[in-house]
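# dropping the sequence and predicted coords here.
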Amino acid sequence: MKKFLSVRLLGDGEEKYLQQITKATESMTPSGMPKNIKISEVNSILNKAKKSNISDTVLCDMQWQAFDGYMTFLNDFGNGPRSYENKVYDHLDSYLLLLVETTDDEQELKNKLLDVENYLDSHNNMLNDHLYELFGEYTADYLYND
């Protein structure tokens, strides 16, 4: 019974970590007020997930969620702690690395990379030059060289 309730309330295995990272990276309270993202909490969730040997696909999704959380905060509120800018870069780097390493189908990879490019275009802010430089490092072999 205890296991059933734990799975029901917290999710099972990988889903639990996705739920935790989503909640930790929300940049607004339910009432619409800004909420700082606790970097230590996000790092703790990612470290626990890695230690639990979750799949690379789920870890990739978690990195994207972390990236999106920090990016959304900066985009919605215009700025934030300098550490958020570093985290945006770090999580995008981790996401792209995992994406390239774990996506076997080349067309699927191209589609996902184009989705990232579209996301960056729609979240145009002060970090874009730096993020596009990083994005270019990963995409040079997959996009635009046909």
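Yes, it's here. Numbering: from 1, shown residues only.
# quick check: the gap between Thr139 and Leu99.
From Thr139 across to Leu99, the span is 10 Å (CB to CB, to the nearest Å). (Each C-beta comes from the backbone N, C-alpha and C, glycine too.)
# nope, His91 is what I meant
His91 is 12 Å from Leu99, by CB to CB.
# swap in Met33?
33 Å.
# who has more neighbours, these two?
For Met33 versus Leu99, neighbours defined as other CB atoms under 10 Å are more numerous around Leu99 (21 against 7).
# could you list every helix and strand in contact with whichever strand or helix holds that one?
Under the criterion DSSP states H and E, the helix or strand holding Leu99 is helix 82-102. Where contact means 3 or more CB pairs under 8 Å, 6 or more residues apart in numbering; DSSP states H and E, helix 82-102 is packed against helix 39-51, helix 56-77, helix 106-122, helix 128-139.
# who touches the most centrally placed residue in the chain in this structure?
Closest residue to the average C-alpha location of the chain: Trp64 at 1.9 Å, with CA atoms, centre = their mean. Residues near Trp64 by CB atoms under 8 Å, 6 or more residues apart in numbering: 91, 95.
# go on, Thr103?
Contact analysis of Thr103 by CB under 8 Å, 6+ apart lists 109, 112.
# what's the distance between it and Pro30?
In terms of CB to CB, Thr103 sits 35 Å off from Pro30.
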